[in-house]
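[1] sequence plus predicted model, see below.
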Amino acid sequence: MSDSDFKTLAQAVEAFELDITERRQVIDAQPVAPSPFLQQVFERELDWAIAVATEQSRREALTHNILLEVREHQQRRVSVFSGRDFTVDPTAGLNGYCDYLISLSATQSVITAPVVVIAKAKKGDVDLGLGQCVAGMVGAQRFNQAHKQPLPKVYGAVTSGTVWKFLALEGQTLQLDLTEYAVPPVDTVLGILAAITRGNP
């Protein structure tokens with residue numbers, strides 16, 4: 001079993017014996033205006049990504065550029081990984097390739113703790129990515145602990161590129177944000193990701 005085998009939120013919650021709470025806003029953050037570069041990317045690629053309507057087009061045009069924008073906003077003190085092996089505990093199904101990870105470290109060649117998990121939506125539906133994201137968050141929690149850099153909370157997000165949903169894991173309690181954040185505008189999502197990557201908001 002791997003992270004991607006957790007097809008539903010209920011399956012992941014049951015497997016890892018989590019308590020789940022629902023809130024309207026999991027992460028309190030101020031919006032961050034996009035840079036002129038990201039604005040230009042959106043002007044050039046947003047319509048194309050939506051019209052083509054594939055996971056790959058939205059990932060390449062939107063998710064990828066949003067995460068790199070956060071890296072620049074944090075003056076490259078964080079690292080963004082995509083498609084890297086993130087095996088933590090294969091016996092618990094915590095293995096496989098991550099969609100995206102953000103490490104709160106400038107080191108880009110290897111994944112170092114602590115980490116934030118970003119999962120892509122399945123078939124454009126963010127709810128279909130929640131199970132995999134939660135499994136990845138549990139993996140990140142254990143990864144951080146094993147490297148003696150535990151965080152009070154581990155954060156995750158599921159995105160289709162144009163819609164984002166955020167989660168937080170504190171101990172065995174999973175907080176699910178009931179709000180889905182649409183892009184564009186990108187300011188709110190950038191603000192949340194900036195708050196996460198500054199430390200634990």
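    Everything's here; your move.

[2] run a quick neighbour tally on Ile118.
    Residues near Ile118, counting by other Cβ atoms under 10 Å, number 26. For glycine as for every other residue, the C-beta is placed from the backbone atoms N, C-alpha and C.

[3] which strand or helix spans it?
    Taking DSSP states H and E as the criterion, Ile118 maps to strand 115-120.

[4] other SSEs contacting that strand?
    Where contact means 3 or more Cβ pairs under 8 Å, 6 or more residues apart in numbering; DSSP states H and E, strand 115-120 is packed against strand 100-103, helix 130-146, strand 154-159.

[5] Lys153 contacts Ala168, correct?
    Yes. Assessed by Cβ atoms under 8 Å, Lys153 is found in contact with Ala168 at 4.8 Å.

[6] between these two, which one's more packed in?
    Ala168 (22 against 19).

[7] who's in contact with that one?
    Going by Cβ atoms under 8 Å, 6 or more residues apart in numbering, Ala168 touches Val26, Ile27, Lys153, Val154, Tyr155, Gly156, Leu174, Gln175.

[8] quick check: the last one is in a strand.
    Yes. Checked against DSSP: H, G, I helix; E, B strand; the rest coil, Gln175 lies within a strand.

[9] what sits closest to it if chain neighbours are left out?
    Once flanking residues are discounted, Gln175 sits nearest to Ala168: 4.3 Å by Cβ to Cβ, 6 or more residues apart in numbering.
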